Every structure is written in structure tokens, then in C-alpha cells.
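Chemist: The sequence and its predicted three-dimensional model are supplied below.
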Amino acid sequence: MLLAPRGGWWPALVAVGMGLAVPARAGDGGLRDDAGVFTEDARARAGRKIDALRQDNGKDLLVETLVRLPDEQADEVRKARRPRERKRLFRAIAEERAAAAGVDGVYVLLCKDPADHAVVVRPEENDFLLPFEERERVDRLFGSIRSSHFARDHDATLLEGIALIDGALHANLRARAAAPVRDGFHWSAALWVAGALMGLWLVVNVLRARAAVRQGTPSAVLSGADVSSVMSGPAAGFWLLRALLAAPTVPEPAKDLPAPEVAAEAPAEPRPFAADDPYAPNDLEPTAPYDQP
């Protein structure tokens, strides 16, 4: 008995009849070659390789080829003037199709009209599966199919691309599993948060203290030995307010001390000189004559 897909056959038949591209699903065997780029043998071999890739790595790989994009998307891509813009638009379309298909891994889109390709890794936490250098190699490999205008046999390129993606997924998943688990708690962030909260706490208490001063509320007197009182909210606010608004104390200059009093020396009494004393001053009055023997 043939079962109809979810939503019935009519949406799919209408889309095919209008030439629209229907998003592939991850359960389509990993390869949907609507453009007929690969041979039947290559499709079978690619399907087996992709199934083994899923079992070994637990990730998806979906390769999809399209004859053309829906008209609206195709016109948008063609109107792009710069190659970089065109590539960005086509990549966005590939990401939408990968999300619609529920891909958890790698998605490759090849389109004939407009001729372009894209390699997408989704969701974002899977970016480590294909680092930049490996993603560039895969992109160049599948890009060679598009650059040749799909004119020659590309079976070998398809199988080589699958093998390249399989090896990259295997190596990067094993490296991620072997990497030491890092502590997700960041002490620096915790310190920044604690500092911000402390600063906010101080500002609030200063404002409360200023409001209390304006209202005439007496401030608490803090004791340097009482650490708990210093850390209490209102008391700390008063203390900070006084510390910020208090005028700086300038030491008074030292006063000049009076010089110590020194006792004046009494004038020396003149020594009596004899009249015939050669050391006597000229203006000295002669003393009474000595008695001559």
C-alpha cells in the first residue's frame, strides 16, 4: 500500500507541475539529485556512504541538486550586482532549505539555474565540524561541478566530497570529545557583578544619608572598631557623606617662639692703677700716693 506524504499528494504534485524546488528532508537518504547530475550507481554508493557517516558520527549530510530555484528566489539572485552579494543571497537560500530539511550537520546545495552552489553547516553550534580551511576545500570541490556547467561526469567528485566531509566530521568530533571540560563559571564576571552591586549599594546609601541630613536627622557616630556598624546601610552612608563633604584639615603653621632671655653681665669694676703704672690709661686720675718708706 502506497502511503501519501504528510499534507497529501496535491502540494507536491502542484510544486512539481510548476517547476518549484521542494525542500529535501534529512531522511531522504542523504542525496536528492533532482537535477540528474550523478549516475544511478553514484547515487547508490553515495547513499551508503552517507548512511555510514551518520552511524559513525551521529551527524547528517544532505547533498541536493536543483534544476532551478523558485522564480522569486531566482530573480533575487540574478538581480545581485556583485558576486559577493549574489553568494550571500544563495547561501541564505541554502540555509533556509537546510533548516526546512532538519539537517543537523552539513548541507550541500547545487543549482543549475541560477548556476551556483553553497556548503552550509547548521545549527551554529556545529560550526566546529567544518573549520574554515576544511570548509573551503569542500566548497572548492563541489564548486568545480558548478563551474563546469554540469556538463561532464561528476560521480568521482561527489564521492570524494562525501569522503572529505566524513573525515572532517570524524576528526573534529573526536577532538571535541577528547578536549578537557572547562568550568563554565567565570570568576571575572562574578567579580564585576559584585563590584557593580557594591557601587550601587554605596551610591544608594550616600543618597539616603544626604536626604537624612537635609531633613535634620542626626547621623550615627561610627566607631572605628565597630566593623559591623561601618558596613550597615545608613551608618555607612553617613560615614561616606562626611568623608566626601568634610573640609580637609590643614595643619596650622608653627608659631615663632621668643628667644630665651639671657642675663646681662654686670659691668666690671675698674682695677685701680698706680700713678706710675705703665698700663694705666692716660685719662685715669691718679690714685692716692702710696706711702713711701
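Modeler: On my side now, so go ahead.
Chemist: any idea where the helices of the stretch 1-150 of the chain begin and end?
Modeler: With helices called from DSSP state H, counting those that start in this stretch, the stretch 1-150 of the chain shows them at 10-17, 40-57, 71-78, 83-101, 132-147.
Chemist: Now stretch 78-88 - C-alpha only, PDB.
Modeler: Provided in PDB are the C-alpha atoms of stretch 78-88 (Å, rounded to 0.1, in the frame of the first residue of the first chain):
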ATOM      1  CA  ARG A  78      20.100  37.200 -10.700                       C
ATOM      2  CA  LYS A  79      19.500  40.900  -9.700                       C
ATOM      3  CA  ALA A  80      22.500  40.900  -7.400                       C
ATOM      4  CA  ARG A  81      25.100  43.100  -9.000                       C
ATOM      5  CA  ARG A  82      28.200  42.000  -7.100                       C
ATOM      6  CA  PRO A  83      29.400  38.400  -6.800                       C
ATOM      7  CA  ARG A  84      29.700  38.700  -3.000                       C
ATOM      8  CA  GLU A  85      26.100  39.800  -2.700                       C
ATOM      9  CA  ARG A  86      25.000  37.000  -5.000                       C
ATOM     10  CA  LYS A  87      26.900  34.500  -2.900                       C
ATOM     11  CA  ARG A  88      25.300  35.800   0.200                       C
END
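Chemist: now for the helices of the stretch 1-150 of the chain, which one comes closest to residue 204?
Modeler: Residue 204 lies closest to helix 83-101 among the helices of the stretch 1-150 of the chain, at 47.7 Å (C-beta to C-beta). All C-beta spots, glycine's among them, are computed from the backbone N, C-alpha and C.
Chemist: per-residue pLDDT, the residue lying closest to residue 168 once chain neighbours are set aside?
Modeler: Nearest residue to residue 168, sequence neighbours excluded (C-beta to C-beta, 6 or more residues apart in numbering): residue 134, at 4.6 Å. Per-residue pLDDT puts residue 134 at 94.
Chemist: before we move on, what about the one 5 residues further on?
Modeler: Residue 139 is assigned a pLDDT of 95 by the prediction.
Chemist: now swap in the one 4 residues further on and tell me
Modeler: pLDDT, the model's per-residue confidence, is 91 for residue 143.
Chemist: Then the one 4 residues further on?
Modeler: Confidence per residue is given as pLDDT, and for residue 147 that number is 79.
Chemist: same deal with residue 117?
Modeler: On the pLDDT scale, residue 117 gets 94.
Chemist: picking up where we left off before, want to throw the helices of the stretch 1-150 of the chain into JSON lines with distance to residue 203?
Modeler: Formatted as JSON lines, the helices of the stretch 1-150 of the chain follow (distance: least, C-beta to C-beta, whole Å):
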{"stretch": "helix 10-17", "distance to residue 203": "62"}
{"stretch": "helix 40-57", "distance to residue 203": "54"}
{"stretch": "helix 71-78", "distance to residue 203": "53"}
{"stretch": "helix 83-101", "distance to residue 203": "47"}
{"stretch": "helix 132-147", "distance to residue 203": "47"}
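Chemist: Select, out of those, the one closest to residue 123.
Modeler: helix 83-101 (8.4 Å).
Chemist: for that closest one, packing partners?
Modeler: Where contact means 3 or more C-beta pairs under 8 Å, 6 or more residues apart in numbering; DSSP states H and E, helix 83-101 is packed against strand 60-68, helix 71-78, strand 105-113, strand 115-122.
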